[in-house]
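S.K.: what follows is a predicted protein model with its sequence.
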Amino acid sequence: MILYRTKNELLIGEGNKFYRVAETSLNALLAHNDLHSYLASIVTSEEPTDEDALSSLEAPIEHQEVWASGVTYYRSRSARIEESKDAGGGDFYDRVYSAERPELFFKAVAHKVAGPNSEVRIRSDAKWSVPEPELTLAVNPRGEIVGYTIGNDMSSRDIEGANPLYLPQAKVYDRSCALGPGILIQKEPMPSNTEIAMEILRAGSTQFSATIRLSEMKRDPRTLVEYLYRDQSFPHGCFLLTGTGIVPPDTFTLQSRDEIRISIGGIGTLINHVA
């Protein structure tokens, strides 16, 4: 089942059918004691809607914070080392990849998050910007992973590469994060052979495309959540991006009106354009 948030309501997608959820608060749903069973009961007991259900999709977030994980794939480790070599950052990127404690950082609050088919942004003072496609965990207030969505962690590589202490500026700004199209609600972990794919189009022509499987992720998502919830409370739950293993070549940077398409098996495709 996939939980969608539209302008006016919450919907469950099951196969090619959509069902209205009486509860209109995503905050309340994510706090539910057994979200999967609750949504499954709606699918089995209610009639599907006949309307064009997904005509006004929005980011599947209400009052949740968005956090992110770094250097969880070997490819990310290599890219971070290369971009920061002149700033002396290579050593600790290598160290965090091997360390028990993961890199975790704050990414966005809801009003900074772009939804499906809306615009993401690149910083006006950046010269080298890329999207980072990431499996994103939907976590309830009790620290339990209840679902999965697609995340785009927009990043200004030249700013972070100049000095790793600039990471908040490289990562956190208006519409620097996109989530969607919906949240896959399931109790089981995502299969390790799940594929993440990204394609970047410019004027309709593919400029970059790549795929990677979750099996290449070094960190266990449950461990990432455990570290995030240490000495922190999330009354409405949170979203946690789990890092990227897809990095465009150093010669590539995003431009205005580029189209970014990120697909994850079982969830769907998140499409955004660059403002």
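M.R.: Received it, and whenever you're ready, just let me know what you need.
S.K.: report the contact partners of the residue nearest to R121 when sequence neighbours are not counted.
M.R.: Counting by C-beta to C-beta, 6 or more residues apart in numbering, R175 is the residue found nearest to R121 once chain neighbours are left out, at 4.3 Å. Using the backbone N, CA and C atoms, a C-beta is placed for each residue, glycine as well. The contact partners of R175, taken as C-beta atoms under 8 Å, 6 or more residues apart in numbering, are K112, V113, A114, E119, V120, R121, M154, A275.
S.K.: check the secondary structure at R175 for me.
M.R.: Put simply, R175 is coil when judged by DSSP: H, G, I helix; E, B strand; the rest coil.
S.K.: measure it to L270 for me?
M.R.: Taking C-beta to C-beta, to the nearest Å as the measure, R175 falls 14 Å from L270.
S.K.: and if you look at D125?
M.R.: For D125 relative to L270 (C-beta to C-beta), the value is 26 Å.
S.K.: the two: which is more packed in?
M.R.: Of the pair D125 and L270, L270 is the one with more neighbours under other C-beta atoms under 10 Å, namely 27 against 10.
S.K.: which stretch of helix or strand covers that one?
M.R.: strand 268-274 (DSSP states H and E).
S.K.: would you map the helices across the stretch 51-200 of the chain?
M.R.: 74-83, 90-98, 157-162, 167-171 (DSSP state H, counting those that start in this stretch).
S.K.: among the ones you listed, where is the model least confident on average?
M.R.: With a mean of 65, helix 74-83 has the lowest mean pLDDT of these.
S.K.: per-residue pLDDT, the residue found closest to A22 once you drop the neighbours it is linked to in the chain?
M.R.: Distances taken as C-beta to C-beta, 6+ apart place I42 nearest to A22, at 8.0 Å, with adjacent residues excluded. We have a pLDDT of 96 for I42.
S.K.: surely I42 is in contact with E14?
M.R.: No. In this structure I42 lies outside contact range of E14 using C-beta atoms under 8 Å: 9.4 Å.
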